[in-house]
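>>> A structural model of the following input is requested.
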Amino acid sequence: MNTTKILAAVAAMATATSAVASSITVDSVAQRWPWNNKIDITYTVSGGQDVAAGVFARIVFTAHVGGTDYTIDGVSDVGASASDGQHTVTWTAPTGIRASGCTVTAQLFSADNPSGDDYMVVDLETGAVSYEGLLASQDASNARYNSDNSYKTNKLVLRKVPAWGARASLPNAADLSDLDGYPTGMDDANDGASSTETLKNSRAYWQTARDYYIGVFQVTQMQYKTITGSNPSSMWIDLGPVYKIAWNAIRGDATAPSDRIPPVSSFTGTFFQRLNFRTGRYFDLPTELTWEIAARAGATTTFPWGASSSDMGNYVVTRGDTGGNSPAKVGTKLPNDWGFYDMIGNILELCLDDDSISNLSDAVDPFAPASGSGAKRIARGGAIYNEWNKSINLRPSRRRTEVPASDAWGQHGFRVAFIVP
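Alright, predicted model coming up:
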């Protein structure tokens, strides 16, 4: 990556609520390219937040450019961590601003929530986007979001899957140390790569170059209604996933997988058009590969929890849990190692890709969806109706192609994704 080094400023101050001396220094500021307004700020915190002790802090940066000061909120703008150590965040400066001649200072303040960018939280009513760090453990963060129904109704919470080079921030980072990248697919010829499968998924490893976020939960009926004002699901289920969704209905009729969702100038249009207008960000469906990387959470076994389907009842919503074809509330089963719920079972989840790639391991970029002559769209994860052959139909490596993009089928829902620019 080309960078242009510029003057770095240093600032230090004590937190407002602690007698312990705390400091933050801005070590360097660099613009990625002369024509790019992405500015990387590297800083070091000493005596900052102690997540294990429940002491949280936040950072406010001030960029001084050409006589004008720009406030950069570490929570809502860049997801800055206030934990001890050196960190780097990326500030998207206003158009036309160049880093040359810029200085940056920083301050530490007490906070109610842990700082960091492990989670992105979207207020669906206001469009405000903020970031939160992992609590003392993944289990603690799971409980935080699953026990508060606001994250399933008027808020949307997404968890970060870091670039492969930054995987040390994941709770099971040690388990990934011997891998060549995030795993997808299966080695066993009878479990994902069989010649009898129309759409294959041979084992592959992906050294992702970018961070991305994906929804902790399937989009619920309340969240969908908050954005669109309607609920297409056949049956209202409090905190249940929205289903009977058409790919076109959430992206746009004339879009191919490789097309960006057309922007709108008012709060109108599809789910993603409205969400993107309200937030000023670009959210979309996950690609098939980014979906499976999150679903596997680093596991190379048949299922994220291991090789056997005997533990499925702890993780997967099936027809036996609901007594019919309607899904259950999100978050009723255990999450995977990264805190994602219901990525197998409950409802099928639409992905961005079409069915133009026969073997997913042949893909080039996990962030680029298959987009060719395929008339159908990919759905992943299995639904409750797949229980009849759950050892095959409810595995994360199973690829499915269902209906044309315009069809709303009764078991289709979706999850929201965001790729960090």
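>>> once you drop chain neighbours, what's closest to residue 349?
Spatial nearest neighbour of residue 349, chain neighbours left out: residue 381 (4.8 Å); criterion: CB to CB, 6 or more residues apart in numbering. C-beta: built from backbone N, CA, C; applies to glycine.
>>> just the buried residues of stretch 89-99, please?
89, 91, 93, 97-99 (16 or more other CB atoms under 10 Å).
>>> low pLDDT regions in the chain?
Under the criterion pLDDT under 70, the flagged ranges of the chain are 1-21, 34, 99, 188-197, 387-388.
>>> show me where it has its helices.
138-146, 221-228, 247-251, 271-279, 288-296, 312-315, 319-322, 390-393 (DSSP state H).
>>> hang on, the earlier thing: now for the residue nearest to residue 349, how many residues are close by?
28 (other CB atoms under 10 Å).
>>> against residue 146, how distant is the closest residue to residue 138 other than its chain neighbours?
With sequence-adjacent residues excluded and distances taken as CB to CB, 6+ apart, residue 138 is closest to residue 171, at 4.1 Å. Relative to residue 146, residue 171 is positioned 16 Å away (CB to CB, to the nearest Å).
>>> and residue 253, by the same measure?
35 Å.
>>> looking at these two, which is more packed in?
The neighbour count for residue 253 versus residue 146, taken as other CB under 10 Å, is higher for residue 146 (19 against 12).
>>> ranking the helices of the chain by burial, who's on top?
helix 288-296 (a mean of 26; mean count of other CB atoms under 10 Å).
>>> just to revisit the earlier point, quick one, what contacts the residue nearest to residue 138?
With contacts defined as CB atoms under 8 Å, 6 or more residues apart in numbering, the neighbours of residue 171 are 134, 137-138, 337-338.
>>> kindly report the same for residue 375.
Counted by CB under 8 Å, 6+ apart, residue 375 has contacts 354-355, 404.
>>> if we go to 6 Å?
Contacts for residue 375 (CB atoms under 6 Å, 6 or more residues apart in numbering) come out as residue 404.
>>> same check, this time on residue 148
Counting by CB under 6 Å, 6+ apart, residue 148 has no contacts.
>>> please state the backbone phi and psi of it?
phi -110, psi 110 (degrees, to the nearest 10).
>>> how far away is it from residue 375?
For residue 148, the distance to residue 375 - CB to CB - is 41 Å.
>>> then residue 202?
24 Å.
>>> how about residue 177?
In terms of CB to CB, residue 177 sits 42 Å off from residue 375.
>>> and the contacts of stretch 74-88?
40, 42, 44-45, 48-49, 57-59, 89, 91, 115-117, 130-131, 133.
>>> only whichever of these are buried, select them in PyMOL.
Only the buried entries of those go into this PyMOL selection, using 16+ other CB under 10 Å:
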select buried, resi 40+42+44+45+48+49+57+58+59+89+91+115+116+117+130+131+133
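>>> among the contacts of stretch 74-88, which are in strands?
If you go by DSSP state E, the contacts of stretch 74-88 have 40, 42, 44-45, 57-59, 89, 91, 130-131 in strands.
>>> isn't residue 349 up against residue 378?
No. If you go by CB atoms under 6 Å, residue 349 and residue 378 don't touch, sitting 9.5 Å apart.
>>> find the nearest non-adjacent residue to residue 200, please.
residue 359 (4.1 Å).
>>> same deal with residue 80?
residue 74 (3.4 Å).
>>> what's the spacing between the one you found and residue 116?
With CB to CB as the criterion, residue 74 and residue 116 are 9 Å apart.
>>> got it, and residue 406?
For residue 406, the distance to residue 116 equals 41 Å [CB to CB].
>>> same question for residue 199.
Distance from residue 199 to residue 116, by CB to CB: 37 Å.
>>> for residue 205, same thing?
For residue 205, the distance to residue 116 - CB to CB - is 27 Å.
>>> same question for residue 51.
9 Å.
>>> my read: residue 286 touches residue 214, true?
Yes. Look at residue 286 against residue 214 with CB under 6 Å: they come within range, at 5.4 Å.
>>> shared neighbours, those two?
residue 417.
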